[in-house]
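[1] Show me the folded form of this:
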Amino acid sequence: MILEYLVRKINILLFVFIMTSCSTVKNNISNINQVFFKEEVICPLISSPDGSGELVAISETNDNTSYVGFRGIKKKCFLSDDKIKMNLVVNLRSVRNNFQNDDLIKLKISLVSTTDSDIEFDRDDFELGFFLKSGSQIVERETNMNVIIPKDGKAYIGLIQN
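    Numbers count the residues shown, from 1 in each chain. Here you go, the predicted model:
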């Protein structure tokens with residue numbers, strides 16, 4: 001008889017525990033969404049310092065010249081507190097006149113954010129061995145980059161030959 005009474009009490013306690021846990025899970029999911037899925041916002045403009053938006057690069061293997069420049073940049077930005085996380089898909093294009101041989105151009109893409117007083121805040125550097133296959137006059141390459149930008153900050157992107 002005492003055993004039946006204890007089993008019944010345990011079942012009631014388990015039922016109450018499960019019911020209160022379910023409401024907590026719903027609230028926790030809402031909180032998780034607020035933490036990890038931020039508000040999407042319009043991205044700040046990105047500019048390139050003079051001479052860094054395009055360049056004539058010399059290949060490592062055959063000393064051929066190639067024009068390399070940005071073909072396009074896709075941006076997606078999310079606001080978190082007073083900072084913006086900028087995710088980019090950067091597309092580079094190389095055009096060359098002499099395309100009979102395989103070539104390699106070593107480049108670095110730098111994405112930098114600054115405060116409103118032009119102090120560096122965040123940086124994403126991507127070193128790239130841009131392989132140019134023989135027979136291909138135009139070669140494109142896409143890469144993902146991201147940077148955190150403070151409120152009222154700026155973003156810059158540029159190419160440098162290593």
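[2] Could you point out the longest strand of the protein?
    strand 65-80 (DSSP state E).
[3] partners of that strand, with directions?
    Paired strands of strand 65-80, with direction, are strand 39-41 (antiparallel), strand 54-58 (antiparallel), strand 83-96 (antiparallel) (DSSP bridges).
[4] for the nearest residue to Ile84 once chain neighbours are set aside, what are its contacts?
    By the measure of C-beta to C-beta, 6 or more residues apart in numbering, the closest residue to Ile84 outside its immediate chain neighbours is Ile149, 4.6 Å from it. C-beta here means a position set from N, CA and C on the backbone, and glycine is covered the same way. Contact analysis of Ile149 by C-beta atoms under 8 Å, 6 or more residues apart in numbering lists 44, 83-86, 113, 121-122, 155.
[5] Now with 7 Å, please.
    Taking C-beta atoms under 7 Å, 6 or more residues apart in numbering, we find Ile149 in contact with 44, 83-84, 86, 113, 121, 155.
[6] Which one of the residues you listed sits in the busiest neighbourhood?
    Met86 (24 neighbours; other C-beta atoms under 10 Å).
[7] Gln161 and Ala57 touch, don't they?
    Yes: at 4.9 Å, Gln161 counts as touching Ala57 under the criterion of C-beta atoms under 7 Å.
[8] Tell me where this structure has strands.
    Going by DSSP E, the chain shows strands at 39-41, 46-47, 54-58, 65-80, 83-96, 103-114, 120-132, 138-150, 154-161.
[9] any chance of those in CSV, plus distance to Glu4 and mean pLDDT?
    Converted to CSV, the strands of the chain look like this (distance: least, C-beta to C-beta, whole Å; pLDDT from 0 to 100):
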stretch, distance to Glu4, mean pLDDT
strand 39-41, 55, 89
strand 46-47, 72, 93
strand 54-58, 83, 90
strand 65-80, 55, 92
strand 83-96, 59, 94
strand 103-114, 68, 93
strand 120-132, 65, 91
strand 138-150, 61, 93
strand 154-161, 70, 94
